[in-house]
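**Q** Task: produce atomic coordinates for the following.
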Amino acid sequence: MPERGEVHRRPVLDQPALADPENVDELELDAVPGRWQSPEFAEVRTAECLAGRDEIVLRELLVDLHGGIRKALQQPADDQLAVWKQLQWATALIMERFRRDLAGSGLSLEEFDVLIHLAQAPWGTLPLPELTASMLVADALSRSGLTRLLDRMERDGLVRRTVSSHDRRRFDVWITPDGRRRFDHIWPEHADGIGRYFVQPLAQRDLDELGRILDTLIQANEDQPG
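**A** Next comes the predicted model:
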């Protein structure tokens with residue numbers, strides 16, 4: 001036991017007591033005189049360190065490689081992004097043409113979207129959730145925005161809402177006689193726009209191929225969860 005104030009130090013390597021086999025288990029390996037200096041021990045320890053280091057490095061490389069592959073698979077190439085932008089731009093241009101045409105007839109694109117789905121539905125009515133799911137522009141409308149749209153159309157006499165006979169917590173939306181007459185008046189001009197803006201610029205083989213491609217995209221994204 002060291003005296004008070006005396007600093008307790010580890011024994012130096014050349015002390016005879018450290019060579020006593022009975023003390024070996026109580027000592028750190030590198031404190032055993034001569035043992036750590038032997039070529040055989042140094043070779044084994046070096047190999048163990050290298051093996052452990054290499055395993056860590058290899059694991060990190062595999063993680064980086066896996067992440068790189070996933071990133072490469074998820075990141076569209078420049079030519080793929082270019083096609084995506086073309087699809088968005090073509091859609092935006094055509095929809096803007098329809099919006100201007102409908103404005104000349106006194107309807108918004110959103111109002112026409114409601115009327116066309118109700119006009120084509122059996123008995124001219126759809127449950128509100130089904131109507132919303134069918135509308136092409138519904139995603140651009142908030143819930144309050146859709147409510148205001150139907151409020152305006154109801155005030156204009158184009159639609160009416162009734163409590164659902166199957167679920168009194170929900171509403172059914174109906175096209176009124178005035179709404180149907182308005183739709184029947186506008187539809188021929190709208191159909192003509194579909195021909196001018198979409199059909200005429202394409203050959204029939206292009207339309208067939210585009211239909212196949214769009215069907216693939218629709219199926220792939222409708223099957224996605226959420």
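
**Q** And the helices in the chain?
**A** 39-74, 78-104, 109-120, 128-134, 143-155, 177-194, 204-222 (DSSP state H).

**Q** tell me the angle of the last one relative to helix 78-104?
**A** Here helix 204-222 runs at 100 degrees with respect to helix 78-104, directions being taken by axes from the mean of the first three to the mean of the last three CA atoms, to 10 degrees.

**Q** quick revisit: Ser165: which of the helices of the chain is closest?
**A** helix 128-134 (13.4 Å; CB to CB). (Glycine included, C-beta is placed from N, CA and C.)

**Q** Return the set of buried residues in that closest one.
**A** Leu128, Leu131, Thr132, Ser134 (16 or more other CB atoms under 10 Å).

**Q** Which single one of these is nearest to Val163?
**A** Distances from Val163 to those, taken by CB to CB, are shortest for Leu128, at 10.7 Å.

**Q** Name the nearest residue to that closest one, sequence neighbours excluded.
**A** Phe171 (4.7 Å; CB to CB, 6 or more residues apart in numbering).

**Q** From what I see, the one you found and Val163 are in contact.
**A** Yes. At 6.3 Å, Phe171 and Val163 qualify as touching, with contact defined as CB atoms under 8 Å.

**Q** who has more neighbours, these two?
**A** Taking other CB atoms under 10 Å, Phe171 and Val163 do not tie; Phe171 has more neighbours (17 against 11).

**Q** Spatially nearest residue to Leu105 (excluding sequence neighbours)?
**A** Careful, residue 105 is Ser and not Leu. Ile186 (5.1 Å).

**Q** how far away is that neighbour from Asp101?
**A** 9 Å (CB to CB, to the nearest Å).

**Q** again with Glu130
**A** Applying CB to CB to Glu130 and Asp101 gives a distance of 27 Å.

**Q** Ala119 now?
**A** 17 Å.

**Q** So for those two, which residue has more residues nearby?
**A** Neighbours were counted for Ala119 and for Asp101 using other CB under 10 Å; Asp101 has more, 19 against 15.

**Q** what's the distance between the more buried one and Trp187?
**A** 12 Å.

**Q** cool, and Ile175?
**A** Taking CB to CB, one finds Ile175 at 13 Å from Trp187.

**Q** higher neighbour count, these two?
**A** A direct count of neighbours by other CB under 10 Å for Ile175 and Trp187 places Ile175 higher, at 26 against 14.

**Q** Show me what that one is bridged to.
**A** Counting by DSSP bridges, Ile175 is bridged to Val159.

**Q** And this protein, split by domain according to the record?
**A** 9-75, 78-222 (automatic domain parsing).

**Q** Pick out the shakiest of these, pLDDT-wise.
**A** Lowest mean pLDDT within the domains of the chain: domain 9-75, a mean of 55.

**Q** Give me the contact list for stretch 212-226.
**A** The contact list for stretch 212-226 (CB atoms under 8 Å, 6 or more residues apart in numbering) is empty.

**Q** dump the residue contacts of Gly179.
**A** By CB under 8 Å, 6+ apart, the contact list for Gly179 reads Leu115, Leu118, Ala119, Met153, Gly157, Leu158, Val159.

**Q** if I look at the nearest residue to it once chain neighbours are set aside, how far off is Trp89?
**A** Leaving aside its sequence neighbours, Gly179 sits nearest to Leu158 (CB to CB, 6+ apart; 3.7 Å). Shown here: Leu158 relative to Trp89, a distance of 32 Å by CB to CB.

**Q** neighbour count winner among the two?
**A** Just comparing Leu158 and Trp89: by other CB under 10 Å the higher neighbour count belongs to Leu158, 23 against 10.
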